[in-house]
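1. Got a sequence here, can you model it:
(2 chains)
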Amino acid sequence: MQRESAIREPLILGHKTYKDITDDVVGPIMGPAPLGWKIMITISSIIAIYGIGSILYLIGTGVGVWGLNKTVGWAWDITNFVWWVGIGHAGTLISAVLLLFRQKWRMAINRSAEAMTIFAVIMAAVFPGIHMGRIWLAYYVFPLPNQFGSIWVNFNSPLLWDVFAISTYFSVSLVFWYVGLIPDFATIRDRMVKPLPKKIYGILSFGWSGRAKHWNRFEELSLVLAGIATPLVFSVHSIVSMDFATSVVPGWHTTIFPPYFVSGAVFSGFAMVQTLLLVMRKAYKLEDYIHIKHVEYMNIVMIVTGSIVGVAYLTELFISWYSGVEYESYAFINRFSGPYSIAYWTMMTCNVISPQLFWFKKIRRSFVATFIISIVVNIGMWFERYVIIVTSLHRDYLPSSWGEFIPTATDVGIFIGTLGIFLTLFLTFTRFFPVLALNELKTILKSSGESYRNKQVK
Amino acid sequence: MKKVFHVMYDDDEKLLVAARELVGKGIHVNEVFSPFPIHGIDPVIGIKRTRLAITSFMYAMTGLTIAVSFMWYTMISDWPMNIGGKPSFSLLENLPAFIPVTFEFSVLCAAHGMVITYLLRNGTLPGMPATNPDPRTTDNMFVMEITTDSNSMNAEELETAIKNTALFELSIKEIK
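-> Numbers count the residues shown, from 1 in each chain, chains lettered A, B, ... in the order given. Reported below is the predicted structural model:
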């Protein structure tokens, strides 16, 4: 068995046994739905229904109901798309990259972070879909033979790379998540008493029985999937950034974009994980499993990625001046002093200054401060995409076509609506799925559990 | 007629120690059921390392070949077009633009191919019945399965050897 230094902070607090871990995770699923959950899901589904209504209105009427115009042809839609994809980066990063680095603290958070990833990517996929206008022709993005003399999709285009990147990322994250869920579903199946839920969990658990050979394959599969999902995580947001970077629009046409977008994605993803988990650990009484040390680890990741983002902002600014390209420098002067300067300064404050507060140990190890900063960062990251997209577009090469973008009620409705759909999906997940990777947690109980740790000290 | 012993332990380390002890006496352990992977059990009960990773590489190579040849067919052979002046005269010239899709498609094939192989090899598919001998083995109990037909010892000898380990519960079934 693996041993850990006794002075390391334990990852599982209290005097837990294997049975306690099962009870703590499966208990809430078997019991009746708590009142708080019912209230939350009612509110979020109302918002979701409003969002779906806005989407249907958009599809029925046309993209004209958005605030887009000839100059600003991409605005909230793509902002929301990039924001959601970015949020969707934390889950697979936690489960894949941290698995390769053998970071055991991931086990408490990976299940819900991956669920969040999957739901966020679904939300992201909504936007390019509805932006097509004629969503019933969405299959055109795939290279299918057709009756127009086989006009193929353009494999030179980053937009098509995106189709492949996002669909691969989504489906691989989904199977990675599900493979991990199978043994946990089996635990619930064997616990359930009521016949119908027992039957459903029985189907979901694929007849998993925990044989030694199966576990042997399971571990190999997790490792290899982590190995191939790691470059995948980095490739997805790099490709998203190429949607912009391969264009000739000042402010977009920069080689710094891929690393800058990837670290921004991880940054916002961790912020969203913090926001959701800090609420979830209280609501489902998981304080012993997700405690301040986990939050601190995540905050450290946020300082690193937040600082990379900060350096990228400043580099961009410096290079726009140092390059001597008039268009490029104007684009940046316009960002911080033009009509959208509020968005720029919001982005700077939220993304560059706020994560630096985590250098203070008091703030890094405070639930309240972390919760507030995580929300601030998510707001900042939304504004980052808004600044990149709208301020770069609204000042065209031709001053006669300069314009401005004003969001309409449909723009706002769809964005708020996706937040509602996302929350509804996440709440459904917390109610019916094992929110912690409980069987994985059992493997670290003896090396990182508090009571076993104390025995070692003796 | 054979006898099946399901030896239950309440701790993974106890099972590991017991398995070593029994195997040392020349007893063959058929199967181990546990709620999580017991590290170190595989060599003791004679389980070889899985070859699943090799299949993943083969699926990735398949994906890579399909992606490159398909892009060559559509973009260079079937319907070449001048898009933004990007060279489309030969595969080599156009290759840099094909790398992202090639990578993504290889990963897609590797991941899904491997997961499908894993599920088929395990026989874990939607709707399959659970085969663990006791529902507690997915919670906090660890079960070792020993049968008389895969051992040269007789039932009594096996039972004595098993009872010498730190077991929690023992159930014996007779199967004709």
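
2. could you list every residue that touches A:Ser45?
-> Neighbour list for A:Ser45: A:420, A:424 [criterion: CB atoms under 8 Å, 6 or more residues apart in numbering or on different chains]. Any C-beta I mention is one placed from the backbone N, CA and C, and that applies to glycine too.

3. Could you check which residue of chain B lies nearest chain A?
-> B:Met128 (2.9 Å; CB to the nearest CB).

4. Secondary structure of that residue: a strand, I assume?
-> No - with the criterion set as DSSP: H, G, I helix; E, B strand; the rest coil, the secondary structure at B:Met128 is coil rather than a strand.

5. Show me the helices in chain B, by range?
-> B:12-24, B:41-45, B:52-71, B:91-122, B:155-163 (DSSP state H).

6. mind giving me TSV with those and columns for mean neighbour count, mean pLDDT and distance to chain A?
-> As requested, these are exported to TSV (neighbours: other CB atoms under 10 Å in any protein chain shown; pLDDT from 0 to 100; distance: least, CB to the nearest CB, whole Å):
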stretch	mean neighbour count	mean pLDDT	distance to chain A
helix B:12-24	19	86	7
helix B:41-45	19	86	5
helix B:52-71	17	93	5
helix B:91-122	19	92	4
helix B:155-163	15	81	18
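
7. May I see those organised as JSON lines, with distance to A:Ile43 added?
-> Below are the helices of chain B laid out as JSON lines (distance: least, CB to CB, whole Å):
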{"stretch": "helix B:12-24", "distance to A:Ile43": "44"}
{"stretch": "helix B:41-45", "distance to A:Ile43": "48"}
{"stretch": "helix B:52-71", "distance to A:Ile43": "43"}
{"stretch": "helix B:91-122", "distance to A:Ile43": "36"}
{"stretch": "helix B:155-163", "distance to A:Ile43": "57"}
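
8. Which of the ones you listed sits closest to A:Ser95?
-> When the helices of chain B are ranked by proximity to A:Ser95, the top entry is helix B:91-122, at 13.0 Å, counting by CB to CB.

9. Following the record's annotation, map out the domains of chain B.
-> Structural domains annotated on chain B: B:2-48+B:136-175, B:52-122, as defined by automatic domain parsing.

10. how long is the longest one end to end?
-> It stands for domain B:2-48+B:136-175. 5 Å (CA to CA, to the nearest Å).

11. List the contacts of A:Pro259.
-> Contacts of A:Pro259 (CB under 8 Å, 6+ apart): A:238, A:308, A:312.

12. Okay, now the unreliable bits of the stretch 1-150 of chain A?
-> A:1-4, A:149 (pLDDT under 70).

13. wait, B:Ser171 sits on B:Lys3?
-> No - B:Ser171 lies out of contact with B:Lys3 (CB atoms under 8 Å); the separation is 10.9 Å.

14. Okay, the residue found closest to A:Ala229 once you drop the neighbours it is linked to in the chain and chain B: tell me how far apart.
-> In this structure, A:Ala229 finds its nearest non-sequential neighbour in A:Ala96, 3.9 Å apart by CB to CB, 6 or more residues apart in numbering or on different chains. As for A:Ala96, its distance to chain B is 11 Å (criterion: CB to the nearest CB, to the nearest Å).

15. Can you name the residues that contact A:Ala96?
-> Contact partners of A:Ala96, counting by CB under 8 Å, 6+ apart, are A:176, A:225-227, A:229-230, A:232-233.

16. do A:Met381 as well
-> A:83, A:86, A:264, A:267-268, A:271, A:350-351 are the contacts of A:Met381 under CB under 8 Å, 6+ apart.

17. How about A:Tyr313?
-> Per CB under 8 Å, 6+ apart, neighbours of A:Tyr313: A:347-348, A:351-352.

18. And for A:Gln274?
-> Contacts of A:Gln274 (CB under 8 Å, 6+ apart): A:295, A:298-299, A:302, A:370-371, A:374.

19. and the host helix or strand of it, which residues are buried?
-> Using DSSP states H and E, A:Gln274 sits within helix A:257-283. By 16 or more other CB atoms under 10 Å in any protein chain shown, the buried positions in helix A:257-283 come out as A:257-278, A:280-281, A:283.

20. tell me the mean pLDDT over it?
-> Average pLDDT, helix A:257-283: 90.

21. After it, which helix or strand is next? Please name it.
-> helix A:292-322.

22. what about stretch B:83-102, distance to the chain center?
-> Relative to the chain's own centre, stretch B:83-102 is displaced by 39 Å; criterion: CA atoms, centre = their mean, to the nearest Å.

23. next one: stretch A:132-150
-> With CA atoms, centre = their mean, you get 29 Å for stretch A:132-150.

24. ok, now stretch A:274-284?
-> Distance, centroid of stretch A:274-284 to centroid of chain: 16 Å (CA atoms, centre = their mean).

25. State the distance from the residue lying closest to A:Thr71 once chain neighbours are set aside to A:Ile41.
-> In space, and not counting its chain neighbours, A:Thr71 is closest to A:Gly403: 3.9 Å by CB to CB, 6+ apart. Applying CB to CB, to the nearest Å, the value for A:Gly403 to A:Ile41 is 41 Å.

26. Quick check on the two: which one has the bigger neighbour count.
-> Using other CB atoms under 10 Å in any protein chain shown as the criterion, A:Gly403 and A:Ile41 rank with A:Ile41 on top: 19 against 13.

27. contacting residues for A:Tyr50?
-> A:413, A:416-417, A:420.

28. just the helices in the stretch 351-458 of chain A please.
-> A:361-364, A:367-386, A:392-394, A:409-432, A:438-448, A:450-457 (DSSP state H, counting those that start in this stretch).

29. which residues does B:Phe142 contact?
-> The contact partners of B:Phe142, by CB under 8 Å, 6+ apart, come to B:8-12, B:14-15, B:32-35, B:38.

30. Buried residues in the helix or strand that contains A:Lys38, which are they?
-> If you go by DSSP H and E, A:Lys38 is part of helix A:35-61. For helix A:35-61, the neighbour count (16+ other CB under 10 Å) marks A:37, A:40-41, A:44-45, A:47-48, A:51-52, A:54-55, A:58-59 as buried.

31. ok so, going back, now that you've got the contacts of B:Phe142, can you turn the buried subset into something I can paste into PyMOL?
-> A single PyMOL command suffices to select whichever of the contacts of B:Phe142 are buried according to 16+ other CB under 10 Å:
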select buried, chain B and resi 8+9+10+11+12+15+32+33+34+35+38
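
32. Just the contacts of B:Phe142: which are in strands?
-> B:8-9, B:32-33 (DSSP state E).

33. tell me which element A:Ala108 is part of?
-> A:Ala108 belongs to helix A:106-131, assigned by DSSP H and E.

34. for chain B, which residue is closest to the average position?
-> In chain B, the residue lying closest to the centroid (CA atoms, centre = their mean) is B:Tyr118, at 5.7 Å.

35. could you dump the contacts of B:Phe142 to JSON lines with distance to B:Ser150?
-> Converted to JSON lines, the contacts of B:Phe142 look like this (distance: CB to CB, whole Å):
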{"residue": "B:Met8", "distance to B:Ser150": "19"}
{"residue": "B:Tyr9", "distance to B:Ser150": "20"}
{"residue": "B:Asp10", "distance to B:Ser150": "25"}
{"residue": "B:Asp11", "distance to B:Ser150": "25"}
{"residue": "B:Asp12", "distance to B:Ser150": "23"}
{"residue": "B:Lys14", "distance to B:Ser150": "23"}
{"residue": "B:Leu15", "distance to B:Ser150": "18"}
{"residue": "B:Val32", "distance to B:Ser150": "14"}
{"residue": "B:Phe33", "distance to B:Ser150": "16"}
{"residue": "B:Ser34", "distance to B:Ser150": "20"}
{"residue": "B:Pro35", "distance to B:Ser150": "25"}
{"residue": "B:Ile38", "distance to B:Ser150": "20"}
